[in-house]
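kindly generate the corresponding structure for this input.
(4 chains)
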There are 2 protein chains.
Amino acid sequence: MLVEERRSRILRIAEERGFVTLQSLVGELGASESTVRRDLEFLDASGQIQRTRGGASFIGDTQSDFDVRRGLASLEKQRIARRTAELISEGETVLLDGGTTTLEVARHLAGRSLQVLTNSLPIASLLMNRREIELIFIGGYVYPKTGVALGELSVTALQQIHASRLVMSTGGITSDGLFNSNQLLVETERQMIRAADRVTLVADSSKFGQRALSHLCALDVLDEIVTDDGISEEWVQRMEQSGIRMEVAGVERGSRRPSAALG
Amino acid sequence: MLVEERRSRILRIAEERGFVTLQSLVGELGASESTVRRDLEFLDASGQIQRTRGGASFIGDTQSDFDVRRGLASLEKQRIARRTAELISEGETVLLDGGTTTLEVARHLAGRSLQVLTNSLPIASLLMNRREIELIFIGGYVYPKTGVALGELSVTALQQIHASRLVMSTGGITSDGLFNSNQLLVETERQMIRAADRVTLVADSSKFGQRALSHLCALDVLDEIVTDDGISEEWVQRMEQSGIRMEVAGVERGSRRPSAALG
DNA sequence: TGGTAATGACTGATTCTGACTGAATTTTTC
DNA sequence: GAAAAATTCAGTCAGAATCAGTCATTACCA
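From the prediction side, this is the model:
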């Protein structure tokens, strides 16, 4: 049986019964205790189940449009998310923008001792019951499609806070800078940039060369970009010439090349 | 049986009966006296039950994780919620406090054209995808147990907004006014009261005569209370003498008596 | 074929459990 | 009201269950 298949079976069983014992999974899956233990560890770290002594309980994701779309989070986005999470140190104060990729980042932050600030309802719901994470929600008008809080209230709230790092998503990126599709969103994100010491952009390679309705900011506000290995060498060089550190999350091969950091 | 499961069962039994003896739990759970004793100690330390000699009594209205996942609210709370929703007119701006009863109110608001303001993550998640509802989230430090945003950020946000009605929950109510268990929560709720024209309290009958850690406000800030028919006539009169309109949500029998409004 | 990821067996460490102890408290008896 | 009996309590202990981590082996991929 493949790893992925076994893990999704565990998830299904956990969802059905609310919680499962490790021993029952060993029996049903025919895998060893060590393997199942590792699977539970993985699923817990990614925020899909909650481990308890002797087993694990399912963490029910509310079925919303957003979650359905999230289920389709591409492999690229997951790789980007994992690499981004690796960049974040214990004890940091992280400001998380809304978006599917940042939600994946949030999953990988579960279990770590951090202060997380976000204006995304899905991210907040995900991290709400994590005792090790101090969660602060940036309120405002909740945009229905994505569950992100925007507008004047958000901007005012952001003026009162400060974070060591912003993890931001974008609708498109060109040499002119970043773009997004919503004017309210852009205003909120600008304030996020002001509130953070360091700006990390998560953007899959398809975003490069794309424009969108509203111009958000110039490239020079970015400190680093995490993207996938579909990006062209040309774009990497352009970004590095703008003083941005590039992290290319490719297929990982153990410790041989833990990071494609260039810059 | 797993630790979590056993403790959940103890909580459920305690909630059902109000008080349980240690010996009866030993019998029902099939665990040793030492183990049950340790469980009671744990649940007492986490504030979910109160130990007494020979057993323990249930305190607080926090539902166990089990019930939350099942989405269970008591019949009384559901009746209160439905009646409260009936009081709210189309187009109103409603400020919704956190709590299990207000969450039920939110369920009944779905499908109606309203502006909803809340500091509760569960409520926001519930209403997020409802296009007919304009949702505004009051941000702040997210209290883990309940998913309610509190603290300075919340207070500042509330200073910027205004609602036609506040639907508030409480830990206890006496002639001295309202009480709640958390100082941060109390401060946030006070600001909610200031932000609203009209204050509607939802409180099941068990809350009357109960006190809690922090005094929230006097009775005169309340405009109306929605409760269940377990309330004594004495309490109804006392409240009405304080100028509060009482809505008693009883067992409904068609349209025969749609409202037990007295006041 | 070489190298990496995944696996299962094993290890000592940690946590949980039930039995036991004497102390503290309540109830019964005189 | 005081002593005795019964009950409940907190704390200790050893055994059992579960845990995280290591290591050799196997499966898989380029």
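
mean confidence (pLDDT) on stretch A:228-246, please.
Across stretch A:228-246, pLDDT averages out at 92.

oops, could you answer that again for stretch A:91-109 instead?
Mean predicted lDDT for stretch A:91-109 stands at 89.

chain center to it, what's the gap?
Centre-to-centre, stretch A:91-109 and its host chain are 4 Å apart (CA atoms, centre = their mean, to the nearest Å).

which other helices and strands does the helix or strand harbouring A:L117 contact?
In this structure, A:L117 sits in strand A:114-118 according to DSSP states H and E. Here strand A:114-118 touches strand A:93-96, helix A:100-109, helix A:121-127, strand A:133-137, going by 3 or more CB pairs under 8 Å, 6 or more residues apart in numbering or on different chains; DSSP states H and E. Every residue, glycine included, has its C-beta placed from N, CA and C.

give me the sheet partners of it and which way each runs.
With DSSP bridges as the test, strand A:114-118 is paired with strand A:93-96 (parallel), strand A:133-137 (parallel).

right, so of these, which gets closest to A:N180?
strand A:93-96 (15.7 Å; CB to CB).

where along chain A do the helices fall?
Applying DSSP state H to chain A gives helices spanning A:3-17, A:22-29, A:33-45, A:65-70, A:75-87, A:100-109, A:121-127, A:152-159, A:183-195, A:233-241.

if we can go back for a sec, nearest to DNA strand C, out of the strands paired with strand A:114-118?
The minimum distance between DNA strand C and the strands paired with strand A:114-118 falls on strand A:133-137, with 20.3 Å, by CB to the nearest atom of the strand.

with just CA atoms, put that closest one into CSV.
Only the C-alpha atoms of strand A:133-137 are listed here, as CSV (Å, rounded to 0.1, in the frame of the first residue of the first chain):
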residue,chain,number,x,y,z
ILE,A,133,-0.1,28.9,19.5
GLU,A,134,-1.2,32.4,20.8
LEU,A,135,-3.7,33.4,18.2
ILE,A,136,-4.7,37.0,17.4
PHE,A,137,-7.3,37.7,14.8
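
residues contacting it, please?
A:109-110, A:112-119, A:124, A:127-128, A:149, A:161, B:121, B:137, B:139-142, B:144, B:149, B:153 (CB atoms under 8 Å, 6 or more residues apart in numbering or on different chains).

could you give the angle of it to helix A:100-109?
Calculated by axes from the mean of the first three to the mean of the last three CA atoms, to 10 degrees, strand A:133-137 forms an angle of 150 degrees with helix A:100-109.

how far off centre is strand A:133-137?
That offset, for strand A:133-137, works out to 15 Å (CA atoms, centre = their mean).

now that strand against helix A:152-159, angle please.
Angle of strand A:133-137 versus helix A:152-159, following the same axes, to 10 degrees, is 140 degrees.

for A:L158, give its distance to A:S169.
A:L158 is 16 Å from A:S169, where distance means CB to CB, to the nearest Å.

out of the two, which sits in the busier spot?
Neighbours per residue (other CB atoms under 10 Å in any protein chain shown) separate A:L158 from A:S169, with A:L158 holding more: 26 against 23.

how about stretch A:9-28: buried residues?
A:I10, A:L11, A:I13, A:A14, A:F19, A:V20, A:T21, A:L22, A:L25, A:V26 (16 or more other CB atoms under 10 Å in any protein chain shown).

want to try CSV for the helices and strands packed on strand A:114-118, with distance to DNA strand D and mean neighbour count as columns?
Below are these laid out as CSV (distance: least, CB to the nearest atom of the strand, whole Å; neighbours: other CB atoms under 10 Å in any protein chain shown):
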stretch, distance to DNA strand D, mean neighbour count
strand A:93-96, 24, 25
helix A:100-109, 17, 24
helix A:121-127, 20, 25
strand A:133-137, 18, 23
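
many thanks, have a good one.
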